[in-house]
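1. generate a structure from the sequence data that follows.
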Amino acid sequence: MTQPDDLREQVRTHYAAAARAVTGGTLLECCSGGCGPADVESAPPGSALYGTAERQELPADAVAASLGCGNPVAVADLHDGETVLDLGSGGGIDVLLSARRVGSTGRAYGLDMTDEMLTLAEANAAKAGAANVTFLKGAIEAVPLPGQSVDVVISNCVINLSVDKPAVFAEAFRVLKPGGRFGVSDVVAEDHLTLAERAARGDYADCIAGALSIAEYRDGLTAAGFIAVEIDLAHRVADGMHSAIIRAIKP
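-> The predicted structure is shown next:
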């Protein structure tokens, strides 16, 4: 396989294992500076970024499968009747929370390339009784939705895993309606870190080696057509690398 294909398969295999682990009673804690086994009944680092009330709204497996680095729903400013798309939806925590916020007249889509995560997410949606949720199989570089079909694009520590980030930004821009909002949590590197230095701080599938620098992220969104790009650092995940809240608008 080519290197991009190899990296994509590493990511798919890694998160398929995470989904199976949750189903089996354990999980892999990722996108938080390291991975390791933990009891499903304990709060994984990803879920700790959500409020207690939010966690209590959801099935335990949706919370246990939260492997992200932030809470994009908290910054997405969702409203009744809106359509939201979660890139790399995993076990479905952000989709289910979004579905509650957009209400019965809105819709929340989750997109993931991993069969095991999609199966887990569908089960969590059924447990939550979420009727306004749709999970789609596909790559975040080629979203299976028509252009100008969603109001908000969110993502939680997934874009750094892509092997073609310009395509991700272009697809987010394409599916958003004019005036639509991009609001994600992701890992970013300080601008002085080289690609080799980022790779030395963690693996690709652990959300470290593939992270863009702050300037690269801003330039990538701007090149795709976004305006009002904001990148706010949240917490440190490795030396010179941070979880960040990233916002932008489609004109």
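
2. is Ser155 bridged to anything, and to what?
-> Leu87, Val184 (DSSP bridges).

3. test my guess that it contacts Val84.
-> No - contact criterion Cβ atoms under 8 Å: Ser155 and Val84 do not qualify, at 10.8 Å. All C-beta atoms are positioned from the backbone trio N, CA, C, and that covers glycine.

4. for the nearest residue to Gly81 once chain neighbours are set aside, which three-state class applies?
-> Spatial nearest neighbour of Gly81, chain neighbours left out: Thr105 (4.3 Å); criterion: Cβ to Cβ, 6 or more residues apart in numbering. Put simply, Thr105 is coil when judged by DSSP: H, G, I helix; E, B strand; the rest coil.

5. kindly report the same for Pro178.
-> Pro178 is classified as strand under three-state DSSP.

6. next up, the contacts around it.
-> 148, 250-251 (Cβ atoms under 8 Å, 6 or more residues apart in numbering).

7. strands along the stretch 151-251 of the chain, start to end?
-> 176-189, 212-213, 227-238, 241-249 (DSSP state E, counting those that start in this stretch).

8. buried set for the first one?
-> This points to strand 176-189. By 16 or more other Cβ atoms under 10 Å, the buried positions in strand 176-189 come out as 176, 180-189.

9. gap between that strand and the chain center?
-> The chain centre lies 11 Å from the centre of strand 176-189; the measure is Cα atoms, centre = their mean, to the nearest Å.

10. how about the shortest one?
-> Centroid separation between strand 212-213 and its chain, computed with Cα atoms, centre = their mean, is 16 Å.

11. what pLDDT does the nearest residue to Tyr204 once chain neighbours are set aside get?
-> In space, and not counting its chain neighbours, Tyr204 is closest to Gly210: 4.9 Å by Cβ to Cβ, 6+ apart. pLDDT recorded at Gly210 is 92.

12. how about Gly210, what does it touch?
-> Contacts of Gly210 by Cβ under 8 Å, 6+ apart are 7, 160-163, 198, 204.

13. gap between the closest residue to Glu141 other than its chain neighbours and Ala248?
-> Once flanking residues are discounted, Glu141 sits nearest to Ala167: 3.9 Å by Cβ to Cβ, 6+ apart. From Ala167 across to Ala248, the span is 16 Å (Cβ to Cβ, to the nearest Å).

14. those two: who's more crowded?
-> Ala248 (26 against 16; other Cβ atoms under 10 Å).

15. wait, doesn't that one sit right on Ala228?
-> Yes - with contact defined as Cβ under 8 Å, Ala248 reaches Ala228; the gap is 6.1 Å.
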